[in-house]
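**Student:** Any chance you can model this:
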Amino acid sequence: MVEIHYILLQIALILVAARVCAEVFSRLGAPTIIGELFAGILLGPTLLNWVTPNDVLKLLAEIGIILLLFEVGLETDLGRLIKSGFRSIVVAISGFVLPFVFGFTASYYLFDLDILVALFIGGTLTATSIGITVRVLADLGRHQSHEGQVVLGAAVIDDLMGVFLLAVLYEFAVSGTVSLANTGTIVLYVGGFFVLAPILARIISPLIKHFHKISTTPGLIPSALVSMVLFFATLAHLVGAPYLIGGFVAGIALSRRFFLPFGMALQADPEFVQNVHNQMKPIIHLFTPIFFVMVGLSLDLTAVDWSSGFIWSFSLVLVAVAVIGKLLGPWLIKETTPLRLIIGMAMVPRGEVGLIFAELGRTAGVLDAEVYAGLILVIAYTTLASPIWIKQYYQRVGDRLDR
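**Tutor:** Residues are numbered from 1 along each chain as shown. So this is what the prediction gives:
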């Protein structure tokens, strides 16, 4: 068991490193999220090896990303999100199917890997990290834009499809068969949670507003909202088909999904929303960097055999497949060329979702050390490079996007 003083020191290191690195990278003209990701690489096994991920840090990181998505929900126009629904569905499905097919084909036919290995690799390439995508767009002030709504909707759908695929692949890897009953149960749980989330939001939000008005002590809003984060994360875990993957992946995906509609449900009262913003922002700014540092901590680049010709050829081919597969999707919708490119680039980061795929493939004995290391390189590149591309492209074409 990790001693408490050691965990406290790790949290302190993460917060300080995230702030310092974000400030440095910002002054260099790079997105602040790159600084936070680099802080994780710096503190983790790749460089200094001062911080080792543990359950406490994972919990804090998960709270951070949930609160970030709650904040996005507060600022998201539900009407505009629904309007972009068809475009989001097209981008999500194409951005899911194309990388999967390309990744499987390259792995199976070009690198002659086993079919199950190739399926896991294709599955890993389907991922889109909604946390990284949303944070980059939010930092650029574009999360409420037309393309921001398309990307947000597509990332939510992509995330859910990824949960289904991962559950099926993991079950097949462990048991050698796929149970339609088990798969149907997952679909039922996820669908039910997704439908109930906005209904529960409509019920709970008036209660919070009421008690906020009559409360005589400060802090009711952050206490209530953080308590709900923990409660719904637990609930999502409990209904997340624990017999397949311990509810871990389902818990991540489903608990986050609740807080987008919940944030939107509060918008009927602008004064209350402003109150929520003012009281929650310090907490969000405290917890959110922990999530991005944890993504960096998980990228163990020392596991890569840099002298291996296979890893270089394998990872370079998969990087091309991963990027092209996401960039092609927006060309199936009616948009201008700059918007299509922005939407495609915003869907590229794999982040923590790709890491979950790769890690489960490794622990299930499907991915050997070389293939796993190659996938880590692909995830690292798409995660670290995408925010830089997006920022630079917005600087070039930003003035033309809203015309």
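**Student:** Which residues does stretch 92-106 contact?
**Tutor:** With C-beta atoms under 8 Å, 6 or more residues apart in numbering as the test, stretch 92-106 has contacts from 118-119, 121-126, 128, 153-158, 161-162, 165, 317-318, 321-322, 324-326, 328-329, 332, 344, 347. Glycine gets a C-beta too; all of them are placed from N, C-alpha and C.
**Student:** pLDDT-wise, which helix or strand of the chain ranks last?
**Tutor:** Confidence across the helices and strands of the chain bottoms out at helix 242-245, with a mean of 37, counting by mean pLDDT, DSSP states H and E.
**Student:** Tell me the helices and strands packed up against the host helix or strand of Met345.
**Tutor:** When secondary structure is defined using DSSP states H and E, the element that contains Met345 is helix 337-346. Helix 337-346 is packed against helix 130-139, helix 146-175, helix 309-328, helix 369-401, with contacts defined by 3 or more C-beta pairs under 8 Å, 6 or more residues apart in numbering; DSSP states H and E.
**Student:** quick check: angle from it to helix 146-175?
**Tutor:** 30 degrees (axes from the mean of the first three to the mean of the last three C-alpha atoms, to 10 degrees).
**Student:** Mind giving me the packing neighbours of the next helix or strand after helix 337-346?
**Tutor:** Per DSSP H and E, helix 337-346 leads on to helix 351-363 as the next helix or strand towards the C-terminus. For helix 351-363, the helices and strands in contact under the criterion 3+ C-beta pairs under 8 Å, 6+ apart are helix 115-125, helix 130-139, helix 146-175, helix 248-265, helix 270-298, helix 369-401.
**Student:** how about the third one: buried residues?
**Tutor:** What that stands for is helix 146-175. Along helix 146-175, these residues count as buried under the neighbour rule (16 or more other C-beta atoms under 10 Å): 146-173.
**Student:** Could you quantify the relative orientation of that helix and helix 369-401 as an angle?
**Tutor:** Counting by the same axes, to 10 degrees, helix 146-175 points 170 degrees away from the direction of helix 369-401.
**Student:** what's the answer for the second one, then?
**Tutor:** What separates the directions of helix 130-139 and helix 369-401 is an angle of 30 degrees, with the same axes, to 10 degrees.
**Student:** What's the local residue count around Thr105?
**Tutor:** Here the neighbour count serves as a burial measure; for Thr105 (other C-beta atoms under 10 Å) it reads 13.
**Student:** mind checking which helix or strand it is in?
**Tutor:** helix 85-105.
**Student:** quick one: average confidence on that helix?
**Tutor:** Looking at helix 85-105 alone, the average pLDDT works out to 92.
**Student:** For it, list every residue counted as buried.
**Tutor:** Buried positions in helix 85-105, judged by neighbour count with 16+ other C-beta under 10 Å: 87-88, 90-96, 98-100, 102-104.
**Student:** Work out the gap between it and the centre of the chain.
**Tutor:** The offset between the C-alpha centroid of helix 85-105 and the centroid of the whole chain comes to 16 Å, using C-alpha atoms, centre = their mean, to the nearest Å.
**Student:** And for stretch 50-61?
**Tutor:** Taking the mean C-alpha point of stretch 50-61 and that of its whole chain, the gap between them comes to 17 Å (C-alpha atoms, centre = their mean).
**Student:** hmm, back to that, got the CA coordinates for the helix holding Thr105 in CSV?
**Tutor:** In CSV, the C-alpha atoms belonging to helix 85-105 read as follows (Å, rounded to 0.1, in the frame of the first residue of the first chain):
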residue,chain,number,x,y,z
GLY,A,85,-26.5,15.8,-35.1
PHE,A,86,-26.4,14.3,-38.6
ARG,A,87,-23.0,15.7,-39.4
SER,A,88,-21.7,14.5,-36.0
ILE,A,89,-23.1,11.0,-36.7
VAL,A,90,-21.4,10.8,-40.1
VAL,A,91,-18.1,12.1,-38.8
ALA,A,92,-18.2,9.6,-35.8
ILE,A,93,-19.1,6.5,-37.9
SER,A,94,-16.6,7.2,-40.6
GLY,A,95,-14.0,8.2,-38.1
PHE,A,96,-14.6,4.9,-36.3
VAL,A,97,-14.9,2.6,-39.3
LEU,A,98,-12.1,3.9,-41.5
PRO,A,99,-9.3,3.8,-39.0
PHE,A,100,-10.5,0.3,-37.8
VAL,A,101,-10.5,-1.1,-41.4
PHE,A,102,-7.2,0.6,-42.3
GLY,A,103,-5.5,-0.4,-39.1
PHE,A,104,-6.7,-4.0,-39.3
THR,A,105,-5.7,-4.3,-43.0
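**Student:** I'd like to know which of the helices and strands packed on helix 351-363 lies nearest to Ile63.
**Tutor:** Closest to Ile63 of those is helix 270-298 (C-beta to C-beta; 5.2 Å).
**Student:** which other helices and strands contact that closest one?
**Tutor:** helix 4-27, helix 32-43, helix 55-75, helix 130-139, helix 180-214, helix 220-238, helix 351-363.
**Student:** 6 Å - rerun?
**Tutor:** Applying 3 or more C-beta pairs under 6 Å, 6 or more residues apart in numbering; DSSP states H and E, one finds that helix 270-298 makes contact with helix 4-27, helix 32-43, helix 55-75, helix 220-238, helix 351-363.
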